[in-house]
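Participant: turn this into a model:
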Amino acid sequence: MSQELLDVQGLKTYFPIKGGVIRKTVGYVHAVEDVSLTIGEQETFALVGESGCGKSTTGRSILRLIEPTAGQVRFDGQDLCALDAEAMRKKRRDMQLIFQDPYASLNPRMTMRKLLEEPLRTHFTQPQKEIDERVHWIADAVGFSRDQLDRYPHQFSGGQRQRISIARALITGPRFVVADEPVSALDVSIQAQVLNLLMQLQQELKLSYLFISHDLNVVRHISTRVAVMYLGRIVESGDTEAVYCHPMHPYTQALLSAIPRRDPSEPKTRIHLEGDVPSPANPPKGCAFHDRCAQCMKICSEEAPAPRVMPDGRRVACHLFDG
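Facilitator: Residues are numbered from 1 along each chain as shown. The predicted structure is shown next:
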């Protein structure tokens with residue numbers, strides 16, 4: 001693997017539940033529970049799982065857009081959780097976020113030019129000439145002509161708005177980008193264009209990605225390593241092809257069995273999960289997946305499994321692999 005850029009250890013993010021007349025804290029939503037991962041330089045690390053499992057909260061907690069409850073986030077050797085507000089603001093030029101909804105993330109009252117200038121004015125002190133040069137460069141990089149810079153977001157298509165969001169995230173010259181469902185709101189043909197653009201810019205700008213998605217085919221196409229999340233926990237992680245070809249955790253097996261086959265004659269065994277995803281406000285004791293797992297054992301309902309390192313290097317949190 002390439003040199004390590006991001007190291008996340010024991011990340012937890014809880015949200016308080018308020019109740020009663022005086023709005024007293026009566027509990028917590030365990031959105032992210034003990035997540036650990038590493039991302040190398042110029043690597044695409046994917047985070048997959050069902051909607052509501054904590055993927056987006058994990059990405060935003062890493063960037064401290066949501067303050068983590070506990071854990072350590074080291075970026076290029078520096079502990080982000082120990083930085084004060086001003087130091088963290090300066091660090092944000094190196095760590096950016098591509099939002100899921102390109103229309104909601106763009107100010108409708110600002111032209112594309114103003115939207116691209118704003119991050120530069122926030123993070124740098126530059127003369128207008130250098131700002132213009134940077135705006136023109138990033139517009140060219142994501143496929144816009146200069147006469148489009150004075151248009152407003154509503155004058156662009158969905159795919160074009162997402163390319164503006166990508167340009168806005170990359171214009172400060174970051175080293176690490178959290179791409180939160182960057183193609184989920186786009187047509188399939190536009191998805192391919194945006195994915196190819198992200199991969200091209202990664203090579204040109206030497207970027208590292210945390211790619212968050214629930215589209216398993218997209219993840220396989222773009223990522224080098226993948227982590228599967230369930231109820232705020234990573235249950236399996238490793239090289240993408242190893243996880244896709246030979247999933248080990250029962251939840252990963254069920255998730256991948258839902259991918260449509262290109263060849264209808266190809267044999268397929270769909271694993272149907274019984275029951276509902278437990279509430280993160282009241283997570284079950286033991287393994288969070290035990291009440292939906294066909295291979296559940298007694299220990300699964302009593303003790304949470306610790307991640308085990310397998311011979312091929314992947315990590316799996318499941319009692320089936322104890323010992």
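Participant: okay, CA-based contacts and neighbour counts for the rest of this
Facilitator: Will do.
Participant: next, count neighbours for L255.
Facilitator: Neighbourhood size, L255 [other Cα atoms under 10 Å]: 21.
Participant: that one - that's part of a helix, no?
Facilitator: Yes. Assessed by DSSP: H, G, I helix; E, B strand; the rest coil, L255 belongs to a helix.
Participant: residues in contact with it?
Facilitator: Neighbouring residues of L255 by Cα atoms under 8 Å, 6 or more residues apart in numbering: G49.
Participant: can you show me the strands along the stretch 51-200 of the chain?
Facilitator: Ranges of strands within the stretch 51-200 of the chain are 70-75, 78-79, 95-98, 176-180, based on DSSP state E, counting those that start in this stretch.
Participant: average pLDDT across the last one?
Facilitator: Confidence over strand 176-180, taken as the mean pLDDT, stands at 95.
Participant: so which bits of that strand are buried?
Facilitator: Residues F176, V177, V178, A179, D180 are the ones in strand 176-180 that count as buried (16 or more other Cα atoms under 10 Å).
Participant: ok, the first one touching S208?
Facilitator: Right, F176. Yes. Counting by Cα atoms under 8 Å, F176 touches S208, with 4.8 Å between them.
Participant: where does the stretch 1-150 of the chain have low pLDDT?
Facilitator: Residues of the stretch 1-150 of the chain meeting the criterion pLDDT under 70: 1-2.
Participant: try it again with 90
Facilitator: Within the stretch 1-150 of the chain, the segments meeting pLDDT under 90 span 1-3, 19-23, 26, 50-52, 89-90, 99-105, 124-126, 141-143.
Participant: could you pull out the helices for it?
Facilitator: Using DSSP state H, counting those that start in this stretch, the helices of the stretch 1-150 of the chain run over residues 55-62, 85-91, 112-123, 128-141.
Participant: out of the ones you listed, which gets nearest to D7?
Facilitator: Closest to D7 of the helices of the stretch 1-150 of the chain, according to Cα to Cα: helix 55-62, at 9.7 Å.
Participant: tell me what that closest one is packed against?
Facilitator: Under the contact definition 3 or more Cα pairs under 8 Å, 6 or more residues apart in numbering; DSSP states H and E, helix 55-62 sits against strand 4-19, strand 24-40, strand 176-180, strand 208-212.
Participant: given the last one, what are its sheet partners and their directions?
Facilitator: When you say that, I think you mean strand 208-212. Taking DSSP bridges as the criterion, strand 208-212 pairs within the sheet with strand 44-48 (parallel), strand 176-180 (parallel).
Participant: to R60, which of these lies closest?
Facilitator: The closest of those to R60 is strand 176-180. By Cα to Cα, the value is 8.1 Å.
Participant: state the distance from the one residue sitting closest to the centre of the chain to K114.
Facilitator: Nearest to the mean C-alpha position of the chain, by Cα atoms, centre = their mean, lies I212 at 3.0 Å. Here the criterion is Cα to Cα, to the nearest Å. By it, I212 lies 28 Å from K114.
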